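Engineer: only geometry, no sequence info:
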């Protein structure tokens, strides 16, 4: 399994390959480490986030969002050009081809797991039906928690 994460200490992005013999997750930039326990990984699937320890992970298709946006933009552009030249059936055909391509990509793409708290991405995981799809309410809870932690400033004790 491959994990892509931002280091909690230096905030630099890092990639690691994690196998059954891996005993710790470490940042190559600053040396930060987190030990892995026996119960952290089961059947090539993390039970919790290996970076921050969060129990909440969600599934999504492992496809770059920029490519998806480019494909949609290209479909819109080509169909608009066809309609502008008074070829509405060609424009509809273009949209149908792009819809079929989208369905095929959705069916063929593997799932990746993403942590709600630290946004670490786990690729090459086993069958992950135990992890739910994206939950907006849960994501908002973690987003609000992160915002609260950023605004709270440590106070000095009175002498």
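Structural biologist: Right, received. Where do you want to start? The model shown is predicted, which means the values in this text are computed figures rather than measured ones.

Engineer: quick one: the helices in the protein?
Structural biologist: 65-84, 88-108, 136-151 (DSSP state H).

Engineer: who's in contact with the helix or strand bottoming out on mean pLDDT in the chain?
Structural biologist: Lowest on mean pLDDT, DSSP states H and E among the helices and strands of the chain sits strand 41-42, with a mean of 78. Here strand 41-42 makes contact (C-beta atoms under 8 Å, 6 or more residues apart in numbering) with 1, 18, 20, 47, 50. Glycine gets a C-beta too; all of them are placed from N, C-alpha and C.

Engineer: picking that back up, reformat the helices of the chain as TSV; add mean pLDDT and mean neighbour count.
Structural biologist: Shown next, in TSV, are the helices of the chain (pLDDT from 0 to 100; neighbours: other C-beta atoms under 10 Å):
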stretch	mean pLDDT	mean neighbour count
helix 65-84	93	13
helix 88-108	93	13
helix 136-151	91	11
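
Engineer: Identify all residues paired with the residue minimising distance to the centre of the chain through a beta bridge.
Structural biologist: The centre of the chain sits closest to residue 114, judged by C-alpha atoms, centre = their mean, with a distance of 4.3 Å. Beta-bridge pairing of residue 114 under DSSP bridges involves residue 58, residue 121.
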